[in-house]
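**Q** pasting the sequence and the predicted coordinates here, then a few questions.
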Amino acid sequence: MFGRSARRSDNSKLYEVLGVPKNSSPDDIKKAYRKAAIKNHPDKGGDPEKFKELAHAYEVLSDPEKREIYNQYGEDALKEGMGGGSSGHSPFDIFESFFGGAFGGAFGGGGSFRGNRKKQGEDVVHTLRVSLEELYNGTTKKLSLSRNILCIKCKGKGSKSGASGRCYGCQGTGMRVTTRQIAPGMIQQMQHVCSECRGSGEHISEQDRCPQCKGNKITPEKKVLEVNVEKGMLHGQKIVFNAEADEAPDTITGNVIFVLQQKNHSKFRRKSDDLYVEHNLSLAEALCGFQFVLTHLDGRQLLIKSHPGEVIKPDQYKAINDEGMPQYERPFIKGRLYVHFNVEFPESGSLSPEKCRALEAILPPRPGKCSSDMELDKCEETTMHDVNIEEEMRRKEQQRRRQEAYDTDDNDEPNMPRVGCNQQ
C-alpha cells in the first residue's frame, strides 16, 4: 500500500491536562478525570473551557486505538482522520456517560449552564476536483458560496426590541401534539413542528419584527473563499474553513470542508509521493539505445536516455530520483519518477529471410542443440494459433461455472425408485 507517514506533533498535552504521566494505566486516567471533572463542572462554578479540555483528553486517552495514535504522532494525526478522528461528543455527554447519571441530582440534571449551551451546527462538505498539475505545483482557487448569517440589524434576535414572547400554539416547546381516533377506544398521538413559530418556540409580533430579516433572525450572504491547495496534497485530503457554514441563533457555526478529488491524468499516474509513466520502445531502441524528452508536470523538459550498450527488457522499470510528487508540507522533498517500458516487436512477416539471417548473425546464438533430420522425422508437426489469453481464461471460467451448476442440479434430483428384475 502506498501512503505517507503521519506528521508528528505534540503528544504530551492531553496527559498534562489530566495531570497524569504518559505511562498511566486506564484506571489512573479514569481516576484523574473523575476528580478533575467534578471539580471543574460549570454547574458548580468550574471553568467551562477547562471542563471541555478534560473531556477531550479523557475521550482520547480512554480509547486504546486513539491513545496509541496520539502517543506516536500527536493530536494532529487524530485531527487529520487517523483513528476515526474526533467524535465531536459534548463534554457533558461524556461526563454523564462516565458517571451514569449518578450525579444528575447534584448537578441539577445538567443545570442552567447546560440548558443555555449552544447546539453544534452541521458542517458543509464540498468536493473540489483538482488536476495532478495543481497538486504538484500548488494552486489557489476562489469559490463563491451562499450561506445564512445572523441578521446584522437585529443581531439574530428577529425583533426590533430584541425581545420575543413564548409561542401560544406550542407553549414554547416548538412542537405540537395532535390526536385522532383510529378505532373505538384507540387514539393515535402525532407530534409535528409548530406551524406558528416553525419550531422556534418563540412569537414575535408583526409590529416588532425586524424589517431586514422579517423575524427570521438570519439573512442570506454570498462569500468568496480562497482555497489554498498546497503542493503534495493527496486525493481525499480535507481543507477546513472553521465556522464558515450557515449561522443560526443559539448554534455553534459548523465548518465548510473541501474534499480534494484528483482527476485522472493522461500521462502520469500517482501513488503516494511517486509518479509513474508508460513509454513504448521499438525493438531497435530497446537493443541499441534510445532517448526521448518528457514534459514534467511543472513544464520542465526531462531528457531520458539509456546508457551505451544497455538493453531494455519488456515490462522493465527504471527510476529517476527526486522527480516524483513533492511531499505535503515538505515540498522540497520529492518521491521518485518510475518509467515503465513496453517493447514493441515487429509484426509477423515484416522481416524477410535475408534480414532474419543478418539478425541471427549479429544476435547471440540460439540456445540448445539442433536435432538431426532423422530425429525430426520421428516428431509430429504442430500448428500454433494466435490467442487472447485473457479472453481464453474468461471462457474457461464460464464453462467451469456452467458445469458446476449442471452438477449441482443433478445432485438435487430425488432418488428415482429402482425396478427389480423379475426372475423367469
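**A** Nice, I can see it. Numbers count the residues shown, from 1 in each chain.

**Q** from now on I want contacts and neighbour counts done on CA atoms only, so please keep to that.
**A** Noted.

**Q** tell me which element Q72 is part of?
**A** For Q72, the element it lies in under DSSP states H and E is helix 64-73.

**Q** oh sorry, the question was meant for E59
**A** Using DSSP H and E, E59 falls in helix 48-61.

**Q** that helix: which residues count as buried?
**A** Applying a neighbour-count criterion of 16 or more other C-alpha atoms under 10 Å, one finds 50-61 buried in helix 48-61.

**Q** before we move on, what about stretch 332-343?
**A** 334-343.

**Q** looking at these, which are in strands?
**A** Among these, DSSP state E puts 334, 337-343 in strands.

**Q** picking that back up, export the helix holding E59 to CSV, keeping only CA atoms.
**A** Coordinates of the C-alpha atoms in helix 48-61 are reproduced here as CSV (Å, rounded to 0.1, in the frame of the first residue of the first chain):
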residue,chain,number,x,y,z
PRO,A,48,-16.1,25.7,31.2
GLU,A,49,-13.0,25.6,28.9
LYS,A,50,-11.1,23.5,31.4
PHE,A,51,-14.1,21.2,31.7
LYS,A,52,-14.1,20.8,27.9
GLU,A,53,-10.4,20.1,27.8
LEU,A,54,-10.7,17.4,30.4
ALA,A,55,-13.5,15.7,28.5
HIS,A,56,-11.5,15.8,25.2
ALA,A,57,-8.4,14.4,27.0
TYR,A,58,-10.3,11.6,28.6
GLU,A,59,-12.1,10.7,25.3
VAL,A,60,-8.8,10.3,23.5
LEU,A,61,-6.7,8.6,26.3
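
**Q** and the angle from that helix to helix 64-73?
**A** 100 degrees (axes from the mean of the first three to the mean of the last three C-alpha atoms, to 10 degrees).

**Q** which residues touch helix 48-61?
**A** For helix 48-61, the surrounding residues in contact (C-alpha atoms under 8 Å, 6 or more residues apart in numbering) are 14-15, 17-18, 29-30, 33, 36-37, 40-42, 66-67, 70, 91, 94-95.

**Q** where in the chain is pLDDT low?
**A** For the chain, the stretches with pLDDT under 70 are 1-9, 43, 45, 80-90, 93, 96-117, 368-371, 409-424.

**Q** if we can go back for a sec, redo the ones in strands among the buried residues of stretch 332-343 as TSV? Include distance to M393.
**A** Formatted as TSV, these follow (distance: C-alpha to C-alpha, whole Å):
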residue	distance to M393
K334	41
L337	34
Y338	30
V339	29
H340	26
F341	26
N342	23
V343	24
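
**Q** of those, closest to K22?
**A** K334 (34.9 Å; C-alpha to C-alpha).

**Q** and the gap between that closest one and Q301?
**A** For K334, the distance to Q301 equals 17 Å [C-alpha to C-alpha, to the nearest Å].

**Q** list the contacts of M384.
**A** M384 touches nothing, counting by C-alpha under 8 Å, 6+ apart.

**Q** wait, G169 sits on T178?
**A** No: contact between G169 and T178 fails when scored by C-alpha atoms under 8 Å: they sit 11.8 Å apart.

**Q** could you check which of those two is surrounded by more residues?
**A** The neighbour comparison of G169 against T178 (other C-alpha atoms under 10 Å) goes to G169, with 17 against 9.

**Q** and R129, bridged to which residues?
**A** Q261 (DSSP bridges).

**Q** picking that back up, next step: the contacts of helix 48-61 restricted to helices.
**A** Mapping the contacts of helix 48-61 onto helices (DSSP state H) picks out 14-15, 17-18, 29-30, 33, 36-37, 40, 66-67, 70, 91, 94-95.

**Q** nearest to F290, of these?
**A** Of all the ones in helices among the contacts of helix 48-61, F290 sits closest to Y70, with 50.8 Å by C-alpha to C-alpha.

**Q** so what's that closest one closest to, chain neighbours aside?
**A** N11 (5.9 Å; C-alpha to C-alpha, 6 or more residues apart in numbering).

**Q** then E278?
**A** H340 (4.8 Å).

**Q** and G215, what helix or strand is that in?
**A** Using DSSP H and E, G215 is not contained in any helix or strand.
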